[in-house]
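[1] quick check, what structure comes out for this input:
(3 chains)
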Amino acid sequence: MKNKFIELPISTPDGIFLAHYSEKGLAGIDWPNANRGRRGNESQISSASSELVRDSSRRLLQIKKWHSTTETALKKILAGKKSKLPPLDWTGKTEFQKSVWRQMLKIPAGRTKSYGEIAVAIGRPKAVRAVGGACGANPIPVLVPCHRVLAANKKLGGFSGGLDWKRSLLAREGIKF
DNA sequence: AGGCTCATGACTC
DNA sequence: GAGTCATGAGCCT
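    Numbers count the residues shown, from 1 in each chain, chains lettered A, B, ... in the order given. Coordinates of the predicted model:
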């Protein structure tokens, strides 16, 4: 069976996010502005979903369950709280990226780490720059807290969703800088 | 404080 | 292989 992804929307006070699910779990999240300007999302949802129903309703139920976990997790984290996460599917990503993201999941809400600290934590103290690259390649922003990673000079660094998001998310967790 | 350079690892084409 | 970085440390004004 091919790697079918289905997209389900999540409405939040910050807009509508789009969650992507594979057979193994949550595989990606799109920012609210990402569906404007990208064509075909709505039809993609319905066709993929109905195909899945035909295929296996059991799997659909599973994904619905994951989705409700994702939904509450997203809303809580957007509000600056921590939350239980659905299973994450990082199939196809490199070992290096996965270890970076695993490290980021360990950062508690309200705390930050530097790119260098992440590099040390995964046993490659000199791969600081590559850590930045892995952050940018993170398919699951917000839930995998790439926004809690700052540069060593306590400055912002960058952010895939735009620096305004990063500032805002940090502020909601009570982080000042 | 701000700016410049450079070593550096992973990734992409 | 060369080019691209969401870095960091060092060394200048």
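[2] could you use CA atoms for every contact and neighbour count after this?
    Will do.
[3] what's the local residue count around A:G25?
    19 (other C-alpha atoms under 10 Å).
[4] now it: how far from DNA strand C?
    21 Å (C-alpha to the nearest atom of the strand, to the nearest Å).
[5] can you check A:W31 too?
    Distance, A:W31 to DNA strand C, using C-alpha to the nearest atom of the strand: 12 Å.
[6] what of A:T12?
    Taken as C-alpha to the nearest atom of the strand, the span from A:T12 to DNA strand C is 20 Å.
[7] ok, what's across the strand from that residue?
    For A:T12, the beta-bridge partners under DSSP bridges are A:G15.
[8] pretty sure it is touching A:I77, no?
    No. Between A:T12 and A:I77 there is no contact under C-alpha atoms under 8 Å: 11.0 Å.
[9] which one of the two is surrounded by more residues?
    For A:T12 versus A:I77, neighbours defined as other C-alpha under 10 Å are more numerous around A:I77 (19 against 14).
[10] checking my notes, A:L156 in a strand, right?
    No. According to DSSP: H, G, I helix; E, B strand; the rest coil, A:L156 belongs to no strand; its state is coil.
[11] tally of neighbours for it?
    Neighbour tally, A:L156, other C-alpha under 10 Å: 17.
[12] which parts of chain A sit against DNA strand B?
    Contact residues (C-alpha under 7 Å from any atom of the strand) of chain A with DNA strand B: A:93-97, A:124, A:126-130, A:133-134.
[13] of the residues you listed, which belong to helices?
    Of the residues of chain A next to DNA strand B, the ones assigned to helices by DSSP state H are A:E95, A:F96, A:Q97, A:V128, A:R129, A:A130, A:G133, A:A134.
[14] give me the buried subset of those residues.
    A:Q97, A:V128, A:A130, A:A134 (16 or more other C-alpha atoms under 10 Å).
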